[in-house]
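S.K.: how would this look folded up:
(3 chains)
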Amino acid sequence: MMAAACTIVWFRRDLRTHDNPAFLAAAKAGTVIPVFIWCTEEEGQFSPGRVSRWWLKQSLGHLDASMRSLGCPLVMRKASDSLSELLEIARVTGATHVFYNHLFDPMSLVRDHRVKQGLSQHGILTCTFNGDVLHEPWEIFDSEGQPFTAFEPYLQKAMSMPNEPEPPMLAPRHFTPSECSIVGCSAAELDLENESEEDSNAVLARIWRPGWSNAEIALDSFLAGPLARYGTNRKKADSSTTSGLSAHLHFGELSVRKVYHSVRTKQVLWIKEGKTDAAESVDWFLRSLKLRDYSRYLCFNFPFTHERSLLSNLRSFPWRLDEGYFKAWRQGRTGYPLVDAGMRELWATGWLHNRIRVVVASFCVKVLQLPWRWGMKYFWDTLLDADLENDVLGWQFISGSLPDGHELDRLEDPQVQGYEYDTEGEYVRKWLPELCRLPSEWIHHPWDAPPKVLRAAGVELGCNYPRPILDLLAAKDRLGHAIAEMWEREAAITAAVSGESLGNTLKVVNDGALSVQKLDPSKLMFDLLAKSRHDQMVPIIKDNAIKDIEIRNASSDKEEDCRHPSSLSLPPLKLLDLMPCGMVESCKRADVQKSLSPKSNTLHMAQNHSTAESSSAPKGRCEERKSGLVPVWSRSASTQSQWAREEGRVHFVPKLRSDPLPKRVLQPSQMKDQEAISGKIEGDDKTSIKEEIIRPAKRKPKAEN
DNA sequence: TTTAACTTTAT
DNA sequence: TAAAGTTAA
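M.R.: Numbers count the residues shown, from 1 in each chain, chains lettered A, B, ... in the order given. Purely as a prediction, here's the structure:
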């Protein structure tokens, strides 16, 4: 056993004292130095945006206060490199160990791998733990030992795991602070918020309460209130019936395991009391929680997914690099009320209901045909709960980049969705005051409204509210053409590959990257690939970059509302230019994965390791491990499968049919998952809504006596 | 029994 | 949107 070790606990996105495995283990082992390092440079373009930084600032202050009351303040440092900073802290304090909890976003995978190696070179031992997920992403495989690429089979496997997520641990009752003092700064001194941001952020403080103890309060009130009706309420967009825990979970103020177990406890209780609806609601919530796990799972097993779609055919999609559209979307000036209301809410509050996230994202990608990465980046910069893993999953799902997501040719109609999620238009009225006097009948499609109705409501289309930026039928048509073009490009790539390199097909090196040199470099293929990469570059967003929107602004304070977050005026995204295939590929993927702790991997590791702390083993040991221990990248052995894995992606091989747009084909594993969870039939007046959409003019105004 | 019309669901 | 399931005629 380690006797009286001096341990640095490296806090990252686990800003809590309870159920924090790294913290608890360190407290047991000896003296503790809790550390937080703020290091934007390492995050590249995914450095947190304004609202996210605001939350972090509050949360750190909160944690620091708790640690102080335990006699051990949090050492906060601003640095340009986490490894050097940790080494420096270790040098000053004489710390011999560094403990931290796993993170799975691509930046963290690379950084943590480097940190672990660097520390071990200096004789410092690292131990890492699971503090972020119910199941570690390397625990769950399909029958061939490959990671799942669809949620449903993943979920089935996760639920049939022999090990139920462990119950949450309490905060350490006592621990020994290190005697060697080290100077840190306060949360305010980390420069998480600059002066120009303070005013905008003041609004946030009225709505949100960051910090771990506030997170527990939020959890309790969710358990006592909205949870019981989560199942039915999740369909409406404007209700305050969500858990509101996303940001707390993102920063790890709340442990997922704790949420899981508290919710399960409620469920057991409700089953006993015969409250079946409430118990079913818990299932829905658990599903969301496991979706969060799945987002980590995807990012870990396919660590390029923040830059490239999982389905490889999307690389050939002809995105429209229209910054005018992009700006109109960001400002909430597309002319589609539900989309615009959502974008205004996002800008004003940093938060959106998941339903609305789907609506606006879908509009961005399918109607405007903007690259999904543009939208994702904007979400990243503006969301309070911006979470790379969740956002990657969400945007890829929407854009048709996942085997089980929206189909590529699926195009949602914001008008239809409007009447579905916001039947009476209350949500739109709240965020688009210029439309607030419009009757429900027209609120989701003002362009159809008779002139006198518009006049009565004070709406002047093209003046104080824009006409639709694009006709939906035209958009549908454009989408069809774009998909056809995508398949043509794909066919060209396939032809180039198979024609030029017979018998020497794609070589995949063990990090999952395509080994380009080994391939016969067909010029065509390179052009196409290079183009598709370029297409997805996120543009630099500047206020004055846009000229071609036909919207004239009526009132000047509206303009104020729509100004962009200053965090968006980023320097050119050099990082992306330098590493188009992802930072991860600069590190060997398998190594990155191996460098994660085997502690939680006991199923596989049992024979090899007798102690739990084995991750501190020297490098050589690490490399001895065979691929069975953690999922190591390899090409799929089965060639019959319709899904082959190449270039780390899931490759869709369309069948030769007369149909120009191949339909999505289910994976064999998905076939059996057709047992839908039968929902309750509600006595809703869904019929009338549908009618309203088809024949809006005939519908009588509803809210009248 | 067949057919049409309608509902529901989706990470 | 579109496929699968449900109800009505």
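
S.K.: how much space separates the residue lying closest to A:Leu472 once chain neighbours are set aside from A:Val428?
M.R.: Of all residues not flanking A:Leu472 in the chain, A:Asp413 sits nearest, at 6.1 Å (C-beta to C-beta, 6 or more residues apart in numbering). For every residue, glycine as well, the C-beta is placed using N, CA and C. Counting by C-beta to C-beta, to the nearest Å, the gap from A:Asp413 to A:Val428 is 15 Å.

S.K.: how about low-confidence regions in the stretch 251-400 of chain A?
M.R.: Scanning the stretch 251-400 of chain A for pLDDT under 70 picks out nothing.

S.K.: closest residue of it to DNA strand B?
M.R.: A:Phe397 (4.2 Å; C-beta to the nearest atom of the strand).

S.K.: list the helices and strands the helix or strand where that residue lies packs on?
M.R.: For A:Phe397, the element it lies in under DSSP states H and E is helix A:388-399. Applying 3 or more C-beta pairs under 8 Å, 6 or more residues apart in numbering; DSSP states H and E, one finds that helix A:388-399 contacts helix A:276-301, helix A:354-362, helix A:372-382.

S.K.: output the below-cut-off pLDDT ranges for the stretch 601-705 of chain A.
M.R.: For the stretch 601-705 of chain A, the ranges with pLDDT under 70 are A:601-647, A:652-705.

S.K.: where does the stretch 351-500 of chain A come near DNA strand C, residue by residue?
M.R.: A:407, A:409-413, A:416, A:476 (C-beta under 7 Å from any atom of the strand).

S.K.: all strands for chain A, in order.
M.R.: A:5-11, A:30-38, A:75-78, A:97-101, A:125-129, A:176-177, A:643-646, A:649-652 (DSSP state E).

S.K.: for DNA strand B, which of those is the nearest?
M.R.: strand A:649-652 (13.4 Å).

S.K.: count of residues packed around A:Glu420?
M.R.: 20 (other C-beta atoms under 10 Å).

S.K.: now the residue of chain A found nearest DNA strand C: how far from A:Leu338?
M.R.: In chain A, the residue that lies nearest DNA strand C is A:Arg410 (4.3 Å; C-beta to the nearest atom of the strand). Remark: distance between A:Arg410 and A:Leu338 (C-beta to C-beta) = 17 Å.

S.K.: pick out the residue of the stretch 1-150 of chain A closest to DNA strand B.
M.R.: A:Ala150 (6.8 Å).

S.K.: ignore what I typed, I meant the stretch 151-300 of chain A.
M.R.: For the stretch 151-300 of chain A, C-beta to the nearest atom of the strand, closest residue to DNA strand B: A:Phe151, 2.6 Å.

S.K.: burial count for that residue?
M.R.: 24.

S.K.: A:Pro403 is in contact with that one, correct?
M.R.: No: judged on C-beta atoms under 8 Å, A:Phe151 makes no contact with A:Pro403 at a distance of 9.6 Å.

S.K.: ok, back up a step: who's more crowded, A:Arg410 and A:Leu338?
M.R.: Set side by side, A:Arg410 and A:Leu338 show more neighbours around A:Leu338, with 31 against 13, by other C-beta under 10 Å.

S.K.: hmm, the more buried one is touching A:Thr423, no?
M.R.: No: look at A:Leu338 against A:Thr423 with C-beta under 8 Å: they stay out of range, at 11.4 Å.

S.K.: many thanks, have a good one.
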